[in-house]
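# For reference, the sequence and a predicted model appear below.
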Amino acid sequence: MSPQPDSLNRRFTVAPMMDWTDRHCRYFHRILSQHAVLYTEMVTTGALIHADPDRFLRYNRKEQPVALQLGGSNVSELAQCTKMAEEYGYNEVNLNVGCPSDRVQNNMIGACLMAHPQLVSDCLHEMQRGVEIPVTVKHRLGIDNMDSYEELVRFVETVAESGCKVFIIHARKAILQGLSPKENRDVPPLKYEWVYRIKQQFPELEVHINGGIKTIVECHTHLQHVDGVMLGREAYQNPYLLADVDKEFYNSDLPKISRKGAALAMVPYIEEQLQQGTSLNHILRHMLGLFHAQRGGKQFRRLISENAHKPDASIDVLYQALERVPD
C-alpha cells in the first residue's frame, strides 16, 4: 500500500502540547477555526500497545483535521500504532523528535533521536508502508553539541530518504543535559533563518516553522519563507487568536465568531461530557484564556478556577463566568 497524495493544508497548525492539547482543548479550538490542523498530545507507542488504546485515541470527529503525535523509536511498534491511528480516522501521524524531557530520553523518545537520523529514517519509512495517511516528523535544530547547520542538513537529508515529505521544525536546539523541558522552550536561542535555509535547500519538502510565534503578523512574515506555521503556547494561552486563522490563511469569508459566541458554542459539548462523567474543570481549563487581555477577563478566569473543580460543578459555572465579561 503506497501513501496517497497529502491533501492536508497545514498552512496553520496548533502544536502538540503535553497536558494541554487533549480532546476537550481540540474541540474548543475547532470552534474557533474550522481549518487549522490540530495535533494531539504526544502518545507513546507503549501506551497504545500495552494499555487501552481507546483511552488515548478516541476523539470527536468534529475535531478533524486532526493529527496523532507518536513517541517511540521501535520501528515495528511505531508502524503498528500508525496503522491504529489510521483505523481511528486520524488525518496524519507525526513522529516526535523534539521533546527534551528526561523521562522520554530514557526510553529513546523525542529530541535524543536527533543523534540517530538513520533510525528516525527507518522508523518513518516503516510507518508509511502500511497506511495511506501522511506520516510527518517534528524535530529541533539540533541537540547539545550536535548543533551546527551542517548537522541539521545531514539529519534532514537522511530522514527525507524515508519518503517523509513534511518537516515541522522547532527553531531552537534542545539542551538535553542541564535544562528542564520548560527551559528548553525559552533558553536556547531561536534561529528562524536556519528553517528558512532548509526550505531553500530542500524545496521539494514541505517545511513548517515552530517556536516563539505569537501573532498573525509574525505568521505572515514566516510564510514568506516556509510552507506553514505552527503555534504552541500562544494558541493555548490566547486561543481567540485562532478566530482570525480561517480568514487570514484559508481565505474563508465566514463571519468571525465572537468570544462569547465561542463559549456558548461549547455548551452542548460540555453538557454531553458532564453526563458522561467528565469533570467540568477538565474542559473549562482550556477556555481560561478566551478573554485574554479583555475587560473582565481576570474575573472570568478567577470564577472558573475557583469553581469548576468542585464535585457538583455544573454548566452554570460557565454562565456565571460569562456574566463577568462586558458585552
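Structure received.

# where are the low-confidence patches of the chain?
Scanning the chain for pLDDT under 70 picks out 1-5, 102-106.

# For the closest residue to Tyr39 other than its chain neighbours, give me phi and psi.
Spatial nearest neighbour of Tyr39, chain neighbours left out: Pro16 (3.9 Å); criterion: Cβ to Cβ, 6 or more residues apart in numbering. Just so you know, the C-beta spots here come from the backbone N, C-alpha and C atoms, and that holds for glycine as well. Per-residue torsions, Pro16: phi -70, psi 130 (degrees, to the nearest 10).

# please renumber so the chain begins at 861
Renumbered: residue one is now 861, and that last one reads Pro876.

# Give me the neighbour count for Pro876.
26 (other Cβ atoms under 10 Å).

# my guess is it meets Arg886, correct?
No: Pro876 is beyond contact range of Arg886, at 10.3 Å (criterion: Cβ atoms under 8 Å).

# list residues touching both of these two?
Shared contacts of Pro876 and Arg886, defined by Cβ atoms under 8 Å, 6 or more residues apart in numbering, are found at Thr900.

# that older thread, quick one, what contacts the residue nearest to Tyr899?
Pro876 neighbours (Cβ under 8 Å, 6+ apart): Tyr899, Thr900, Glu901, Met902, Ala927, Gln929, Asn954, Asn956, Lys998.

# For Ile1028, give the beta-bridge partners.
Lys998, His1068 (DSSP bridges).

# does His1085 really touch Tyr1056, like I thought?
Yes: here His1085 reaches Tyr1056: they are 4.1 Å apart, a contact under Cβ under 8 Å.

# Distance of the residue nearest to Tyr899 relative to Met1090?
9 Å (Cβ to Cβ, to the nearest Å).

# do the same with Ile969
20 Å.

# quick one, strands of the stretch 1061-1187 of the chain?
For the stretch 1061-1187 of the chain, applying DSSP state E, counting those that start in this stretch gives strands covering 1066-1070, 1088-1091.
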